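Using only what follows, build the 3D model:
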Amino acid sequence: MTDLLKLQNEILADGKIDASEVAQIKRAIYEDGKIDTNEADFLFELNNKCSKNPNDSSWVDFFVEAISSYLLEDQESPGTIDKKEADWLLEKIESDGKLDSTEKALLKELSSRAKSMPENLKAFIKQNA
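Model prediction:
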């Protein structure tokens, strides 16, 4: 597996995510065909650290698709966001104290694709839509 920490350090050198870095991240994340919790955490960490800067538009599309896939294509609750996933998502979104446009795009996508989700996540999405 590609060393995510090394990749993160390279990306954070200039504080923004460009198109070639999105391609590198994609290769690293999908190396084994699926996204695990460490990789999802990695994506949120990158987003939080780079959200103040102008990232390539492909970053938003990739981030939304990758995190949606992580939450909605798992074995335990396919198509739905369960309580554990909702708690993880809210913790990740709130960890930097702000809801950025990339995270709003993610919430919009999850709202349209998830068959069901816990009430606390529904309320958060409604409050921040």
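
so S77 makes contact with K83?
No: counting by Cβ atoms under 8 Å, S77 does not reach K83; the two are 9.3 Å apart. For the C-beta atoms, the positions are set from N, CA and C on the backbone; glycine is no exception.

Please determine how far the residue nearest the centre of the chain is located from T102.
Per Cα atoms, centre = their mean, the C-alpha nearest to the average position across the chain is that of I67, at 4.1 Å. As judged by Cβ to Cβ, to the nearest Å, I67 and T102 stand 10 Å apart.

And L71, by the same measure?
Distance from L71 to T102, by Cβ to Cβ: 15 Å.

which one of those two has more residues nearby?
For L71 versus T102, neighbours defined as other Cβ atoms under 10 Å are more numerous around L71 (25 against 22).

Of all the helix elements in the chain, which one is longest?
As assigned by DSSP state H, the longest helix anywhere in the chain is helix 57-72.

What pLDDT is listed against P78?
As predicted, P78 sits at a pLDDT of 94.

Give me the pLDDT for the nearest residue to it once chain neighbours are set aside.
Of all residues not flanking P78 in the chain, L72 sits nearest, at 7.0 Å (Cβ to Cβ, 6 or more residues apart in numbering). In this model, L72 is scored at 97, pLDDT.

can you pull the contacts of L72?
Going by Cβ atoms under 8 Å, 6 or more residues apart in numbering, L72 touches 78-81, 110, 113-114.

Check the residues you listed for burial and list the buried ones.
Buried subset of those (neighbour count, 16 or more other Cβ atoms under 10 Å): 80-81, 110, 114.

Most widely separated two among those?
Greatest spatial distance among the buried ones among the contacts of L72 (Cβ to Cβ): T80 and L110, at 10.4 Å.

re earlier: would you mind measuring from the residue nearest to P78 to K104?
L72 is 18 Å from K104, by Cβ to Cβ.

quick one: low-confidence parts of the chain?
Scanning the chain for pLDDT under 70 picks out the ranges 1-2.

can you give me the helices in it?
Using DSSP H, helices in the chain cover 4-12, 19-29, 37-50, 57-72, 83-94, 101-113, 119-128.
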